[in-house]
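S.K.: dropping the sequence and predicted coords here.
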Amino acid sequence: MDLCVCILAAGQGKRMNSSLPKVLHPIGGQPMIGHVLVAASQLTTARPVIIHGHGGAQLQAFYANHDLIWVAQEAQLGTGHAMLQALPVLPSDALVLILYGDVPLLSVPTLRRLVNAAEADGFSLLTVTLDDPSGYGRIVRDAHGHILRIVEHKDASADELRLREVNTGIMAIRAEFLHRWLPALRSENAQGEYYLTDCVAMAVEAGIPVAGVTAANAVEVTGVNDRQQQAMLERAFQRIQAEELMRGGVTLRDPARVDIRGELVCGRDVCVDVNVVFEGRVVLGDGVRIGPGCFIREAVLSEGVEVLANTVLEQATVGANSKIGPFARIRPETVLGPDVHIGNFVEVKKSAIAAGSKVNHLSYIGDAEIGQAVNVGAGTITCNYDGAYKHRTVIEDEAFIGSDTQLVAPVRVGKGATVAAGTTVTEDVEPGRLVISRVRQKTIAGYQRPRKNK
């Protein structure tokens, strides 16, 4: 039986107090519904069905490049009503897995257990046991432990309110049952809504067993209704990521002070200090060390690279055994070769720096190509922008650039050339030459500085 995934994402999320649809709010750098879509993609290749309502246009625009089936729920009249809108796109011979766009941490193993449990009789329900079940629909079982029905908190009796096993709303059910039961749902309840969970009582009445599958922990089935819950799940997600990294051999100086907002791939013996943020896909080779307070986005760092404290590194590639920082900024489209040194308060943008070269102090390198074994002195600037266009600076192998140099692009410094400190280079420098443009120093004896009249 083919598996079809339906994701309910029509809720307004009033308590988020945001113009952004609730399911687009991020956990770990990805929209909540994005986590659900990733999990769905590991279970089936069928196109997911997204049931949208409030903010549907924003949601569809965000996922415009994804192959999804969109179903509109114009009026939000409950989960049963939402699934009723999706019936026309559900093949009657499919098994339907019903998920929620604001429940982002569901694990794939749990979902596989739920799907497997439904394969026999066609209906399984995911439950969880809570110390405080307030507000949740209770699972009512008979004396033999078989699920009889779900009663919503507002409709529950005093005895039912004492039950601690609750409904998560997540289920796997044959589409033929949905086609049969959803049109028969009624809204005579405290909320005045059509509950999808009423299908449980319908199944029992029809003699169809409902398999109960219990989630391993409450976190993975927790939904987000407000900013506090979002923050709680963010920390839970980060804890899960940190534990996976440490199991893989990564040293985290403090697992609670590392944020991964994307995908972090690590080699052996990687060490990450505190207050480091990773965004997008970041690859760290064997033996990479990341100092405290760094921000690294969509970058590849080869083996042995050391990034010192408070460095920003974005969309860059760094060669083996290079050293960057502290307080350096490596901007997009930068490629650093092996054994490159980028020091404190150096900014590099859209440049290639070859093996063994050094830019150690207080410099800006933009739109440049720097060869091997080049030394760039403190305070050097590549003047790449003329007010309208960007121009390139080329520094060939083994050149020496003195401190406080301005290289006015487009310009080339030849192999082995030397640029004296304080020079403004406006023309190409031939290989092996010394270029100097500083004003000759004068000494004036007996000079008196101006003084204010008392």
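M.R.: Happy to help now that I have it. Numbers count the residues shown, from 1 in each chain.
S.K.: I'd like the next helix or strand past the helix or strand where Thr168 lies.
M.R.: Following DSSP states H and E, the helix or strand that holds Thr168 is strand 165-174. Per DSSP H and E, strand 165-174 leads on to helix 175-181 as the next helix or strand towards the C-terminus.
S.K.: what lies in contact with the following helix or strand past that following helix?
M.R.: Following helix 175-181 in sequence order, the next helix or strand is helix 198-205 (DSSP H and E). Helix 198-205 is touched from outside by 80, 123, 125, 147-150, 171, 173, 177-178, 181-182, 184-186, 209-210, with contacts defined as Cβ atoms under 8 Å, 6 or more residues apart in numbering. C-beta here means a position set from N, CA and C on the backbone, and glycine is covered the same way.
S.K.: can you rerun that using 7 Å?
M.R.: Helix 198-205 has contacts (Cβ atoms under 7 Å, 6 or more residues apart in numbering) with 80, 123, 125, 147-150, 173, 177, 181, 185, 210.
S.K.: counting by contacts, list what the longest helix along the chain packs against.
M.R.: Of all segments of type helix in the chain, defined using DSSP state H, the longest is helix 227-247. Judged by 3 or more Cβ pairs under 7 Å, 6 or more residues apart in numbering; DSSP states H and E, helix 227-247 is in contact with strand 26-27, strand 251-252, strand 258-266.
S.K.: hmm, try it at 6 Å
M.R.: Contacts defined by 3 or more Cβ pairs under 6 Å, 6 or more residues apart in numbering; DSSP states H and E place helix 227-247 against strand 26-27.
S.K.: which element follows the strand it packs on toward the C-terminus?
M.R.: As assigned by DSSP H and E, the chain's next helix or strand after strand 26-27 is strand 30-31.
S.K.: give the pairing partners of that following strand; include direction for each.
M.R.: Note on strand 30-31: by DSSP bridges, its sheet partners are strand 26-27 (antiparallel).
S.K.: show me where the stretch 51-200 of the chain has its helices.
M.R.: Counting by DSSP state H, counting those that start in this stretch, the stretch 51-200 of the chain has helices at residues 56-62, 79-86, 108-121, 158-161, 175-181, 198-205.
S.K.: of those helices, flag the one that's most buried.
M.R.: With neighbours defined as mean count of other Cβ atoms under 10 Å, the helices of the stretch 51-200 of the chain peak in mean count at helix 79-86, which reaches a mean of 22.
S.K.: poorly predicted segments of the stretch 301-450 of the chain, please.
M.R.: Within the stretch 301-450 of the chain, no stretch has pLDDT under 70.
S.K.: picking that back up, Ile50 is nearest to which of the helices of the stretch 51-200 of the chain?
M.R.: Closest to Ile50 of the helices of the stretch 51-200 of the chain, according to Cβ to Cβ: helix 56-62, at 7.2 Å.
S.K.: residues contacting the closest one, please?
M.R.: For helix 56-62, contacts defined as Cβ atoms under 6 Å, 6 or more residues apart in numbering pick out 21, 52, 70.
S.K.: now swap in stretch 79-97 and tell me
M.R.: For stretch 79-97, contacts defined as Cβ under 6 Å, 6+ apart pick out 1-6, 8, 10, 49, 51, 69, 71, 73, 172-176, 179, 182, 185, 194-196.
S.K.: skipping adjacent residues, who's closest to His361 in space?
M.R.: Excluding the flanking residues, the one nearest His361 by Cβ to Cβ, 6 or more residues apart in numbering is Ala378, at 3.6 Å.
S.K.: give me the number of residues near that neighbour?
M.R.: By other Cβ atoms under 10 Å, 18 other residues sit near Ala378.
S.K.: so it is in which element?
M.R.: Going by DSSP H and E, Ala378 is not in any helix or strand.
S.K.: for Glu303, give me its contacts.
M.R.: Shown in contact with Glu303 (Cβ under 6 Å, 6+ apart): 285-287, 320.
S.K.: which PyMOL command selects the buried ones in those?
M.R.: With 16 or more other Cβ atoms under 10 Å as the criterion, this PyMOL line picks the buried residues out of the contacts of Glu303:
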select buried, resi 285+287+320
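S.K.: would you mind giving the contacts of Glu303 as a markdown table with distance to Ile33 added?
M.R.: Shown next, in a markdown table, are the contacts of Glu303 (distance: Cβ to Cβ, whole Å):
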| residue | distance to Ile33 |
| --- | --- |
| Gly285 | 33 |
| Asp286 | 36 |
| Gly287 | 37 |
| Ala320 | 39 |
